[in-house]
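**Q** No letters, just coordinates:
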């Protein structure tokens, strides 16, 4: 008992420090989502050390009862606000120039809602509203991809800052309201399998409560699909005692796809769940830190929360990955199954790429056409590139021969060339001062713009070795390599055993589909920096 209290006190103290740091850095920023959540969690850690309140219960018409003593959010020891205080709205988006329409769930038959069409329902999260840029872009993307009922659920008052604890509890009410709306739509003729819920952050768990209420009170209705965009971790998956009814999970719909973009501990600047919770879970760039976002701890506090839609860079990147899959359907956002984050980092990104294969379960696809199972990994382009985030992945690996001196230090670069003249690279497989031992193999994954790579295989590879010239140690003037392997994300693979003796700074060789010259070696002379 004492150890748990000490742990809570430590977490409370750390979060107070975190909240104060955020305040000091962002004292002039009006919107600071992370600070609000950090302070809410710190407050909750303090409350947990106090005796629980007496049992309380509140009931609402058609929504059932809520208690601080039992139920999926009872660990927060707080009752939800009333539906009137939460102010939930169902906003049907029409193609311009027709204005949006606020729907009355009790009078859907008298509205522009079309029960014969598939329905997309968008649910925002904490401190957000239906007018955010990403929601506007998502609605536009849906319009461009089909004839849908596109509905945004606005619950701005119930999700308002700074009280994240209250917003988390209110999510139950909103979920049941959406469930009743869906039941009314089904009664009018909508196909439950054609209903797709998209929830961001806290909104992802609202959709869990939708599923629970449909299951318990509407004859076990089960939604066709739920997409979770970096589902929030605090209060939903940060304690092993929480059950499945507390957070979004694979049983909430026929298909549940989850994109993790800011997964990890709150104290490390992360807001999302890192554990797999869906039918398929996508971890772009490992699921925590995204290209173009400031990932240093205090820099993150400053970079994430600068107002408008840029205040949570990593956390919101999941939204834009999904939106881009609508805007650029020609890029498939292929993802590859790895067993876990360690496998992704040590083998997929910086290793030999044994998990850079679709395997028996097959590769996945992130976005609107999502498919796959278990945990799927991919890397994305830097957002500064005009091509967007989605690209085409390659894995490059080299192997040193055993028949040479013990080791060297230096950079090995690979460039791919096509018969059309297109060149990709150079890519550094090792750092400029990295150790390479005899017989050792090293590799890395790289990415190119989707629409820039020719359909055919690369024809030529250029391999360069730059020896390290340091104060303490240096690289060898010459180094022997056996093999270069080039793998493409679509399963194509080229393996080349070099035959050339090169006295220059690089070796150029034609790529083939098999081994040749097994009794010969690639002899690279260093270009000393």
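**A** It's in. Quick caveat: nothing in here was measured; it's all calculated off a predicted structure.

**Q** What ranges in the stretch 151-300 of the chain fall below the confidence cut-off?
**A** 294-300 (pLDDT under 70).

**Q** one more time with 90, if that's ok
**A** 238-244, 266-269, 292-300 (pLDDT under 90).

**Q** what's the neighbour count on residue 137?
**A** Counted by other Cβ atoms under 10 Å, the residues lying close to residue 137 total 18. Where C-beta positions appear, they are placed from N, C-alpha and C, glycine not excepted.

**Q** Look up the closest residue to it, ignoring the ones flanking it.
**A** Once flanking residues are discounted, residue 137 sits nearest to residue 323: 5.0 Å by Cβ to Cβ, 6 or more residues apart in numbering.

**Q** I'd like the distance between the one you found and residue 110.
**A** Look at residue 323 and residue 110: by Cβ to Cβ, to the nearest Å, they are 32 Å apart.

**Q** When those two are compared, which one has more neighbours?
**A** With neighbours defined as other Cβ under 10 Å, residue 323 and residue 110 compare such that residue 323 has more, 25 against 9.

**Q** any idea which element the more buried one lies in?
**A** helix 313-327 (DSSP states H and E).

**Q** Surely the residue nearest to residue 137 touches residue 134?
**A** Yes - using Cβ atoms under 8 Å, residue 323 is in contact with residue 134, at 6.7 Å.

**Q** ok, and the helix or strand in the chain with the lowest average confidence?
**A** Least confident helix or strand, the chain: helix 297-304 with a mean of 40, by mean pLDDT, DSSP states H and E.

**Q** Where do the helices of this structure begin and end?
**A** 2-25, 33-48, 83-86, 133-145, 164-187, 202-217, 297-304, 313-327, 341-343 (DSSP state H).

**Q** Pipe those helices into CSV and attach distance to residue 102 per row.
**A** As requested, these are exported to CSV (distance: least, Cβ to Cβ, whole Å):
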stretch, distance to residue 102
helix 2-25, 36
helix 33-48, 26
helix 83-86, 15
helix 133-145, 15
helix 164-187, 12
helix 202-217, 19
helix 297-304, 32
helix 313-327, 23
helix 341-343, 43
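
**Q** Show me the one of those helices that comes nearest residue 68.
**A** helix 164-187 (8.8 Å; Cβ to Cβ).

**Q** Pull out the buried positions in the closest one.
**A** 164-186 (16 or more other Cβ atoms under 10 Å).

**Q** give the contact list for the nearest residue to residue 82 once chain neighbours are set aside.
**A** Spatial nearest neighbour of residue 82, excluding adjacent residues (Cβ to Cβ, 6+ apart): residue 60 at 6.8 Å. Neighbour list for residue 60: 82, 83, 173 [criterion: Cβ atoms under 8 Å, 6 or more residues apart in numbering].

**Q** My guess is residue 466 contacts residue 409. True?
**A** No - the criterion here is Cβ under 8 Å, and residue 466 misses it with residue 409 at 10.2 Å.

**Q** which residues are common contacts for these two?
**A** What both residue 466 and residue 409 touch, as defined by Cβ under 8 Å, 6+ apart, is the set residue 475.

**Q** remind me which residues of the stretch 401-529 of the chain are low pLDDT?
**A** Using pLDDT under 90, the stretch 401-529 of the chain drops low at 401-406, 408, 412-425, 438-439, 441, 448-529.

**Q** just the strands in it please.
**A** In the stretch 401-529 of the chain, the strands defined using DSSP state E, counting those that start in this stretch lie at 407-417, 423-428, 435-437, 441-449, 460-467, 478-488, 493-497, 506-510, 522-525.

**Q** Looking at those, which is nearest to residue 70?
**A** strand 441-449 (47.5 Å).

**Q** Walk me through which strands that closest one pairs with, and which way each runs.
**A** In the sheet, strand 441-449 lines up against strand 391-400 (antiparallel) (DSSP bridges).

**Q** mean confidence score for the strand it pairs with?
**A** Per-residue pLDDT over strand 391-400 has a mean of 89.

**Q** okay, the angle between that strand and strand 460-467?
**A** 60 degrees (axes from the mean of the first three to the mean of the last three Cα atoms, to 10 degrees).

**Q** Now do the domain split for the protein, please.
**A** 33-389, 393-525 (the TED database).

**Q** From the chain's centroid, how far away is the first one?
**A** If I follow you right, that is domain 33-389. Relative to its chain's centre, domain 33-389 lies at 11 Å (Cα atoms, centre = their mean, to the nearest Å).

**Q** Quick one: end-to-end length of it, please.
**A** End-to-end distance for domain 33-389: 25 Å, by Cα to Cα, to the nearest Å.

**Q** Was I right to think residue 459 contacts residue 422?
**A** No - Residue 459 is not in contact with residue 422 according to Cβ under 8 Å; the separation is 9.9 Å.

**Q** Report how many residues lie close to the closest residue to residue 238 other than its chain neighbours.
**A** Spatial nearest neighbour of residue 238, excluding adjacent residues (Cβ to Cβ, 6+ apart): residue 266 at 7.4 Å. Using other Cβ under 10 Å, residue 266 is surrounded by 19 other residues.

**Q** ok, now the one 5 residues further on?
**A** Under the neighbour criterion other Cβ under 10 Å, residue 271 is assigned a count of 28.

**Q** separation between the nearest residue to residue 55 once chain neighbours are set aside and residue 78?
**A** Closest residue to residue 55 apart from its sequence neighbours, by Cβ to Cβ, 6+ apart: residue 69 at 4.2 Å. Per Cβ to Cβ, residue 69 is found 11 Å from residue 78.

**Q** what about the two, which has more around it?
**A** Neighbour count, other Cβ under 10 Å: between residue 69 and residue 78, residue 78 has more, with 20 against 12.

**Q** ok, the closest residue to that one other than its chain neighbours - contacts?
**A** Ranked by Cβ to Cβ, 6+ apart and with sequence neighbours excluded, the top spatial neighbour of residue 78 is residue 169, at 5.0 Å. Residues counted as contacts of residue 169 (Cβ under 8 Å, 6+ apart) are 66, 73, 76, 78, 79, 80.

**Q** how does it look with 7 Å?
**A** Residue 169 sits next to 73, 76, 78, 79, 80 when contact means Cβ atoms under 7 Å, 6 or more residues apart in numbering.

**Q** of these, closest to residue 343?
**A** Distances from residue 343 to those, taken by Cβ to Cβ, are shortest for residue 73, at 34.2 Å.

**Q** count of neighbours near the closest one?
**A** 25.

**Q** 603 is where my numbering starts, stick with that
**A** In the new numbering, first residue 603, that becomes residue 675.

**Q** ok, it touching residue 774?
**A** Yes - the criterion here is Cβ atoms under 7 Å, and residue 675 meets it with residue 774 at 5.9 Å.

**Q** hang on, residue 1009 packs against residue 1041?
**A** No - using Cβ under 7 Å, residue 1009 makes no contact with residue 1041, being 10.1 Å away.

**Q** Neighbour count for these two, which is higher?
**A** Of the pair residue 1009 and residue 1041, residue 1009 is the one with more neighbours under other Cβ under 10 Å, namely 15 against 12.

**Q** Any idea how many residues pack against the closest residue to that one other than its chain neighbours?
**A** Leaving out its chain neighbours, the residue that sits closest to residue 1009 by Cβ to Cβ, 6+ apart is residue 1039, at 4.5 Å. Per other Cβ under 10 Å, the neighbour tally for residue 1039 reads 13.

**Q** now swap in the one 10 residues further on and tell me
**A** In terms of burial, residue 1049 registers 22 neighbours under the definition other Cβ under 10 Å.

**Q** who's the spatially closest residue to residue 1090 that is not a sequence neighbour bridged to?
**A** Spatial nearest neighbour of residue 1090, excluding adjacent residues (Cβ to Cβ, 6+ apart): residue 996 at 5.8 Å. Residue 996 has these beta-bridge partners by DSSP bridges: residue 1048, residue 1090.
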